[in-house]
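Undergrad: no sequence for this one, just the structure:
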């Protein structure tokens, strides 16, 4: 079933060998000619280099009309670069692009849109302070009055099951709604190729299902969809063809419906995937290390989320996971827990039995808290400083790296070396700038820095977001080991798979509220999905299990 | 894919900041400034080499000239070291001129109050008063920044105008020399209130040692102390500072108090040194030029020491071409501005390298 | 009210509006620059360059039109320098703005050396015959110099641009998120450069008004901090053009009152009165900045941040 990647453009039709029989039938029906239409898009030997990184190595790819084609690959495999080239955001160093069989040069997104290419970005290209209509007006080529555009937006979004109010400001919208804005923006231009970059990472499982319906409908109307993801199950459910990228190269293509997720993963990663395992069977829960009681806190940022009446406890020897769609108050909760945003109510947060609501990060760390923020570069680490300096950043207190106001460089260096060694951080030494590390290596460094301080409580936001699979497995292992050694661990993640892999108990955040905790073993993805959509009561009715 | 070959230079990020470029770019900027300056002189109808010689070399040919160089470098270095500390922490005190003026007012006030007294204690008292004065004037923007989020840039600058007006008010009114024929100047300070001259036949005074001490002290704070580290982190990445538990307020206060004190010290050293009395203007813009000095010296005390000497030379050079060639004194400002521009522009080489054309592996139509 | 009192009030208001012109022009220019996400602290330097260029050109050619043109070009040349450094060489905007001011002060003093002490014929007020003769209203509405009207028109124009025009929407978008704007295909740096140049042109004009109309002569450093006050006005206005105009009138009023009080022989040292505009700026800044959420809601989100399209 696996193909050697097509090197020669003239043979590219062969790459359709994996297309299912029904697809072919449907395609023939629709075209109703005895000749195959030319592929909608063909990439031939696309090459792109960045300083220190060969992002795309002679990548060839063929997309047929009316297919949903998956572009699979790990973080950093070169998927985003490739689609940016297709959308004209970046230019290839060499290679050819054929559109409907004709060679084209796509010099800008406007040119791409004029051809009929639409793109939904992973990090949305939206402007918070502008309305939906203004945002869409900015991203389409046609210059039409905002009033008629607003009508069309309401119309089109309704038709595809993506209801939108054109007058609302983007900052008022949920992440899912924001994605609808992006999709509607594309649909308004009757795209013939729609590129979706990791679209479900910001959706609840139920929302994702709705999105798939929309995409299938578009496909049936003849639109080609290039679907980028590393979530294998959804690719198997949605796509009829997949191309796998690894380290910038096409390593194969296949029909994902005919392959197991495991086989796809192996192709993506190149080796057998190791999964993290706990050395202790069955967890013994100890005393409460973090106790949050009725925490309510107004947002600091203009468009932030207010925290409402949050209660949660994390005990020694357990990992508690907080699930939820991004932007539902997780960042605000993290700031409140880390001490970056202090609460007026001193008793709302207890660490190791001591009230800490009004204490800052330093004092909380002294009590045994470790903290790994979501934003690695720019919060967890200073990009322009060396790893040694970044070891000092949070380690100064518990590692006694500072003596009477003076930095002990000897100790700082030793500590940095210890982190690099113990957590297998790939770098050319402690003097390397934090910015020079890959996402996975930097995350290993930061988590290592926190864990080596022997925290009694570790709070960790999005531990493996954007991290390659190898590093992710190592990080999961480290968190499990920490728990097994008796620490309390709180993990906030958008990735449900991750939470179900490592968490003992799970709660869900939505609109600044936190659901009750429930045992991960007795909870289903569907239940968590309902909670992520804010249906706290419904989910509780579904099964009366509250976890204690 | 049809690419137009492009010969436009592009910037390509370096993986690492180039340590060599940190030292090379100030020299590069200086070289370009010399070129541009020479061109300017030529355009104005002067012989460029001669003018450049007069500007940059002739002031250094006498012992007196060298003394003057240090005299002018002293307030520049003092102010710039304080400013650099703040700039590292992203605290933009651009009102060193005002803090310098207030240092002169406080220190000078002590001198005038002790006019008919003698004693070794008068000078130390003046120095302390001057530093306190500069600190107080620096405390205002710090307070308004930390309490009300008011831009420290604008507040510290506005306060410079206010400080100058207060000094003017004092020397026009209550502190005017009673025997001074109504000139807006204070009495000349008594000998006990004057900084000793270090080198006979020059005006080189004790204040130069303050500047040296500030260089050492500044270096120590930046390179060795945890406070220096906190300032650096806050300046580079405030969010990481917040994460680590460092306080933005502390950095703002510290920057303003230290730079205020050093600027105040510069002010009192000026009035107790080369000037010897209070005048409506006690500084030809040292507080502003110190901003250039701080950047040119890479916000590093040793660099600042060198940069302050160079900037001092630009003052002497301006005077030299004014006397020798009849050029306006303002040529000093033009040179200072150009140098800062060229420095900022060439700094791009630290993080980026310049590439011409696109990297093309294979030529394809 | 007696006719004399009315007339005196009208004169006072006219004077206030005239004093407001340079502040308003500079503030409006900076407002547009900042809306695109660029903070240019070189306002004072660009104003001085504009002032000296206008004066030199007018003295040399005898034409005030050439003077104004020269001011616009000089302001834009300075802004171009700033734009090139910050947008293409990615320098720190604060430092570069300070450099621009320092350079502008030096350059204008240097160029203006030969023009100290000379005078030009000040710009005549508009005269609409009978209309300008109407008591009170006549002087106030129909009897100002053309630049006063130009400033008002510019305020309205900029308001319209940002509230209604598609191009204004694009500038706002670039100021809000240059990366998003880049991703959907806008030439972020060119748009920003345009906004910076517009700011330079306005600051040049503001300087020209000082040296050609308001004073009218060239004095070294004649802007006396007006460029910095204009920067404060932009914050005060929370980036809205009409509020910037209002702020300029407020400060124009303070300047005029201070002059009149001095003229009336009130027993206050002149220095104390001269401090008023600076102290007022601080007070206004404190009052407006106190509510930091309001500032953050209105400020262009990307202001002052370096943008590199590939990084």
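TA: Structure received. In this text the structure is predicted, and so the values were computed from the model without any measurement.
Undergrad: Near chain C, which residues of chain A? Just list them.
TA: Neighbours of chain C within chain A, by C-beta under 8 Å from any C-beta of the partner chain: A:50, A:88-90, A:108-110, A:112-113, A:121, A:124-130, A:134, A:137-139, A:143, A:301-302. Where you see a C-beta, it was placed from the backbone N, CA and C, and this is true even at glycine.
Undergrad: So which of the residues you listed belong to strands?
TA: Among the residues of chain A next to chain C, the ones falling in strands (DSSP state E) are residue A:50.
Undergrad: Check which residues of stretch A:388-401 are buried.
TA: Buried residues in stretch A:388-401, counted by 16 or more other C-beta atoms under 10 Å in any protein chain shown: A:388-399, A:401.
Undergrad: now swap in stretch A:241-258 and tell me
TA: For stretch A:241-258, a neighbour-count test (16+ other C-beta under 10 Å) marks A:241-246, A:248-256 as buried.
Undergrad: Tell me which two of these sit farthest apart.
TA: The span of these, defined through C-beta to C-beta, is set by A:248 and A:255 at 23.4 Å.
Undergrad: Check the secondary structure at residue C:305 for me.
TA: The three-state label given to residue C:305 by DSSP: H, G, I helix; E, B strand; the rest coil is coil.
Undergrad: residue contacts, the closest residue to it other than its chain neighbours?
TA: Ranked by C-beta to C-beta, 6 or more residues apart in numbering or on different chains and with sequence neighbours excluded, the top spatial neighbour of residue C:305 is residue C:37, at 7.1 Å. Listed by C-beta atoms under 8 Å, 6 or more residues apart in numbering or on different chains, the contact set of residue C:37 reads C:174-176, C:178, C:192, C:300-305, C:307.
Undergrad: got a pLDDT number for residue C:37?
TA: Note on residue C:37: pLDDT of 95.
Undergrad: what's the spacing between the closest residue to residue B:111 other than its chain neighbours and chain A?
TA: In this structure, residue B:111 finds its nearest non-sequential neighbour in residue B:193, 3.8 Å apart by C-beta to C-beta, 6+ apart. Applying C-beta to the nearest C-beta, to the nearest Å, the value for residue B:193 to chain A is 35 Å.
Undergrad: Same question for residue B:66.
TA: 37 Å.
Undergrad: residues near the closest residue in space to residue C:280 that isn't next to it in sequence, how many?
TA: Sequence neighbours aside, residue C:254 is the residue nearest to residue C:280 in space, at 5.3 Å (criterion: C-beta to C-beta, 6+ apart). Residue C:254 sits with 20 neighbouring residues when counted by other C-beta atoms under 10 Å in any protein chain shown.
Undergrad: Could you pull up the contacting residues of residue C:254?
TA: Applying C-beta under 8 Å, 6+ apart, one finds that residue C:254 lies in contact with C:276-277, C:280.
Undergrad: Tell me the one among the residues you listed nearest to residue A:529.
TA: residue C:280 (57.9 Å).
Undergrad: The closest one touches residue C:251, doesn't it?
TA: Yes. Look at residue C:280 against residue C:251 with C-beta atoms under 8 Å: they come within range, at 6.8 Å.
Undergrad: Settle it for me: which of the two has more neighbours?
TA: residue C:251 (26 against 19).
Undergrad: so how far is chain A from that one?
TA: 28 Å.
Undergrad: Find the residue closest to that residue in space, skipping its chain neighbours.
TA: Spatial nearest neighbour of residue C:251, excluding adjacent residues (C-beta to C-beta, 6+ apart): residue C:23 at 5.5 Å.
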